[in-house]
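K.L.:
Here's a sequence, model it:
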Amino acid sequence: MDSIVLQIDGMKCGGCIDHVKHALSSAPGVHDVSVRLDPQQAVVTFDRKLATPEELCQAIVASGFQVLDWEKGGTTTASPSTVVDTTSAYAPLPDNISAQRSAVEDPLQLKVAHTKPKQLGTTDTVTSALSERSYWQVLGMHCSSCVAQVERAMGKVAGVSDIRVNLATQRASAQIAQDCDAQIIANAISSAGYRATTLASGESGLQSNSENVRQEVHSWRNRAAFACLGIGSLLSCTRLLSPSQQTGWILALIATTLLGYVGAPFYANAIRRLRFGSANMDSLVALATAAAYLAGIYGITAGVSIMTFTDVGMILAFLSTGRYLESKAKDRATRSLYGLLDLAPTDCLVGYGTEWTKTPTTDVPKGAQILIRPGDRIPLDAKVVEGNSQVDEAWLTGESIPRDKAPGDRLLAGTMNTFGSLQACVIHTARETTLAKVISLVQDAIESKAEVQRLADRVVAWFVPFVLAAAIATLVCWISMGNQTTVALRHAVAVLIVACPCALGLATPTAVLVGSAMGAERGILIKNATALETAGTLSSIVFDKTGTLTSGAPHVSEIAPAPGITEQQLLSISCAVQQLTNHPVATAIVARSATVESKLKATDLQLHPGQGISATCKNSTAFMGNEKLFRQHKITIPDAFLRRARELYGQAQLVVFVAWQERFWGLIGLEDQIRDTAREAIGQLRQRGLKVIMVTGDNSNTANTIGKKLGIDEIISEVLPADKQHVIEGMQASGQVVAMVGDGINDAPALATADLGVAVSSGADVSIEAADIVLTRDRLADVDRAIHLSRATLRTIRQNLVWAFAYNATLLPIAAGVIPGISLQPAWAAAAMACSSISVVTNSLMLRWR
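P.N.:
Coordinates of the predicted model:
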């Protein structure tokens, strides 16, 4: 086991510590992480068989921070054995090509300390001012009033913030202080009358929720069928038997049976709510059916007809049928989410000595050896140790053609092994896999609330008390106007029955659930409901060039040595200097120099941000960079080479000038291929009325050439990486709503600054912190699809809420009899209420065809 000390730049607070710690802990082979703010330092204990220092540095860069040479205390110098991340040095060249996309053959040789982490600052000395997020499975919620009650119960516990409760998934989450126990919150929820279970870190709770939904569907199906039989019996008795007290008691017996079985869930929940001093939708139903039933009993004994038992039966029949259809629709809405869960097998073959033993995936630790047979799904993220095969990664990348896998290649949980047997070493536990991250991101999105839903929540908080008051007022008003008790009671019961807070509670969660699950199926991960609202108001979209509009993997297209210098000599000195860096430009030049035999060794690498690099070779400084670097050091570039550079810029190529031994040695041209789908994707966005802008570190000639090819509206060139966010801020200051599209690594600050951050990921990296939307399939066309899906989901949310508000605003007055000549019988009020909830869920399901 090795320990490495990394100097980090950019950490400001405890939140930054959390981001860096999470990024490093998620890397394969990491056993312990300690992060400090002063000095900005990370101490990582890791297994070199599973991870390299380069991968650890890339993990930090991916979280939005920079790694410096720790030995030099953050300076830009490096020893001969040290490879430095020089991304920023080439900013005016190929626009900050991400180190993550490069294919550096030599690992990053940072200094490794073979000392225990305790000597350098351990995790127990590192504290974070921020809280951590905890999750609970909450059973017993039936409407938006239940959601409000759970939120209130959680909010009463000290140290709890950012509470999210989801009716569709029966989950709750919150940020809790480090000194707050999650079980205390679970107890608070239970004390409010609900059944709460604390979920372990990384546990989704989907299995138990899936089973609960299936049980709910089965239960309401049986109750609805029984209620229909009961209605048939009531109607038969009413038609076949003559009106008498004896007939009345027969009808009462049937109604009692219906109340005892079909109405049991309503009454059980209503009584539970009463015990805890609150009320919900079930309270209204229980009160209405009890009033109708007792009125029927009174009618038998008094010899008058106030309410018929047939009304009780019809109310229960409509309500139970509605609940069955609603639970069925919710099951369909969550099926995509459960489908993701089903991708990973529950057990796998783990090697113990010479034997392979079937073991639950949740019990398999990092570093374990697993066997994957032909036709098996990959159970955990792992690295191939032995064997060759092809693996279908379609669920994440969207590619239908299986990818070749050989020793050293990475395997992702949920993908399918096709024909060969593989032995692999586990790099992520079941709770840390890419698949688990996708599920977690989708669930977090489902639990988040759009601003429009917060308005609905404020209304719902007063809804049930308002309906109870309205029912009492209806009863009193009708009686005070001299009407019969029969008429007054029917109107009051209709008010209680027709009210539907369920539709308000399901309006947002079901739409976000369906939209998020659909996005996950298509490689579009929407992190929160706020992103949906922002996507609907966008006016401009900014693209990072390199690695986003282009492939991000340049290759040498031209080598032009100066007179008296051979091509081999030019490549030799260039390779010696570039071997000290991990920049993709360096990768391309070193790869092109592979056939050149050279004994040149460079030392003392210097970074020149925005200009290039320099290093010492044979006691003379070698420079590689752009014209600014050469002007600053008073190195003359021959006119012929300047003209050739202009020609290459016009072809959208990068030019690196080379000088050594106080003279000009030549230039190297590099080409970064424009993505095939870039022009089409930009055209689609412009058709949506969005202004498309490209921001790049390239010189204006190269940038304008690429911009014209792609049909981009505005081009902002020669922008340093750190200044991209200032470009975004300037656009926002002018009143624009801006989306930023990048790779989520070097442009993380710009993604975080934009109103909507969209990261085009390489597939496995789905947890890019700065982005609101992550595209896992590395396709530019998915940017337009993501915006389309976001806007469609937001439209559905608004439609659901408008319907829910309009339904209650229209039918409550009708049920109360406020409109002359129009009334609503209790049975039909029940039918209307059932249809209200069903219509909201069904409208959300229609997202699949929009």
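K.L.:
distance of the closest residue to residue 700 other than its chain neighbours from residue 451?
P.N.:
Nearest in space to residue 700, with sequence neighbours left out and distances taken as CB to CB, 6 or more residues apart in numbering, is residue 717 at 4.5 Å. Any C-beta I mention is one placed from the backbone N, CA and C, and that applies to glycine too. As for residue 717, its distance to residue 451 is 36 Å (criterion: CB to CB, to the nearest Å).
K.L.:
more neighbours, those two?
P.N.:
residue 717 (20 against 9; other CB atoms under 10 Å).
K.L.:
Give me the distance between the more buried one and residue 727.
P.N.:
Counting by CB to CB, the gap from residue 717 to residue 727 is 11 Å.
K.L.:
same question, residue 379
P.N.:
Taking CB to CB, one finds residue 379 at 45 Å from residue 727.
K.L.:
got a list of contacts for stretch 588-596?
P.N.:
By CB atoms under 8 Å, 6 or more residues apart in numbering, the residues outside stretch 588-596 that reach it are 105, 553-556, 559, 568, 571-572, 574-575, 578-579, 656, 668, 670.
K.L.:
between those, which is nearest residue 516?
P.N.:
residue 553 (31.7 Å; CB to CB).
K.L.:
My guess is residue 319 contacts residue 827. True?
P.N.:
No. With contacts counted by CB atoms under 8 Å, residue 319 stays clear of residue 827, the gap being 10.1 Å.
K.L.:
how would you label residue 349: helix, strand or coil?
P.N.:
strand (DSSP: H, G, I helix; E, B strand; the rest coil).
K.L.:
Just the helices from the stretch 301-450 of the chain, written as ranges.
P.N.:
309-342, 394-397, 434-447 (DSSP state H, counting those that start in this stretch).
K.L.:
which helices and strands sit right next to the second one?
P.N.:
So that's helix 394-397. helix 434-447 (3 or more CB pairs under 8 Å, 6 or more residues apart in numbering; DSSP states H and E).
K.L.:
tell me the angle of the helix it packs on relative to helix 309-342?
P.N.:
If you take axes from the mean of the first three to the mean of the last three CA atoms, to 10 degrees, helix 434-447 sits at 150 degrees to helix 309-342.
K.L.:
pLDDT on stretch 666-677, on average?
P.N.:
Mean per-residue pLDDT for stretch 666-677: 88.
K.L.:
got the buried residues for that stretch?
P.N.:
Of all the residues in stretch 666-677, those buried under the rule 16 or more other CB atoms under 10 Å are 666, 667, 668, 669, 670, 671, 672, 674, 675.
K.L.:
repeat for stretch 810-827
P.N.:
811, 812, 814, 815, 816, 817, 824, 825, 826, 827.
K.L.:
Now the last one: closest residue in space, sequence neighbours ignored.
P.N.:
What it means is residue 827. Nearest in space to residue 827, with sequence neighbours left out and distances taken as CB to CB, 6+ apart, is residue 314 at 3.6 Å.
K.L.:
and the one you found, how many neighbours?
P.N.:
The burial count for residue 314: 23, using other CB under 10 Å.
K.L.:
For it, give its distance to residue 325.
P.N.:
In terms of CB to CB, residue 314 sits 16 Å off from residue 325.
K.L.:
what does residue 539 give?
P.N.:
For residue 539, the distance to residue 325 - CB to CB - is 41 Å.
K.L.:
Which one of these two is surrounded by more residues?
P.N.:
Counted by other CB under 10 Å, residue 539 and residue 325 do not tie: residue 325 has more neighbours, with 20 against 15.
K.L.:
Can you give me every residue that contacts the closest residue to the more buried one other than its chain neighbours?
P.N.:
Excluding the flanking residues, the one nearest residue 325 by CB to CB, 6+ apart is residue 838, at 5.0 Å. Counting by CB under 8 Å, 6+ apart, residue 838 touches 322, 325, 326, 329.
K.L.:
ok, of those, which come out buried?
P.N.:
Those of the contacts of residue 838 that meet the buried threshold are 322, 325, 326, 329, by 16+ other CB under 10 Å.
K.L.:
Between those, which sits nearest residue 28?
P.N.:
residue 329 (40.8 Å).
K.L.:
Model confidence for that closest one, exactly?
P.N.:
pLDDT, read off for residue 329, is 74.
K.L.:
do the same with the one 4 residues further on
P.N.:
pLDDT, residue 333: 66.
K.L.:
now do the one 5 residues further on
P.N.:
Per-residue confidence at residue 338 stands at 65 (pLDDT).
K.L.:
How about residue 577?
P.N.:
92.
K.L.:
can you pull the contacts of it?
P.N.:
602, 605, 613, 614, 615, 617, 622, 624.
K.L.:
Among these, which one has the most neighbours?
P.N.:
Going by other CB under 10 Å, residue 624 tops these with 31 neighbours.
K.L.:
where's it relative to residue 670, distance?
P.N.:
For residue 624, the distance to residue 670 - CB to CB - is 12 Å.
K.L.:
what's the answer for residue 379, then?
P.N.:
42 Å.
K.L.:
SS state for residue 61?
P.N.:
helix.
K.L.:
Now do the buried residues in stretch 375-385.
P.N.:
Here stretch 375-385 shows 376, 377, 378, 379, 380, 381, 382, 383, 384 as buried, counting by 16+ other CB under 10 Å.
K.L.:
Can you give me the domain boundaries for the protein?
P.N.:
Per automatic domain parsing, the domain ranges recorded for the chain read 2-75, 132-205, 347-432, 555-671.
K.L.:
picking up where we left off before, need the contact list for the residue nearest to residue 827.
P.N.:
231, 826, 827, 830.
K.L.:
do you know how far it is from residue 484?
P.N.:
In terms of CB to CB, residue 314 sits 21 Å off from residue 484.
K.L.:
now residue 671
P.N.:
89 Å.
K.L.:
How about residue 467?
P.N.:
Taken as CB to CB, the span from residue 467 to residue 484 is 23 Å.
K.L.:
More neighbours: which of those two?
P.N.:
residue 467 (24 against 12).
K.L.:
ok now do the closest residue to that one other than its chain neighbours, which residues does it touch?
P.N.:
Distance criterion CB to CB, 6+ apart; nearest residue to residue 467, sequence neighbours excluded, is residue 499 at 4.2 Å. Residues counted as contacts of residue 499 (CB under 8 Å, 6+ apart) are 281, 284, 463, 464, 467, 470, 808, 812, 833.
K.L.:
All set now, cheers.
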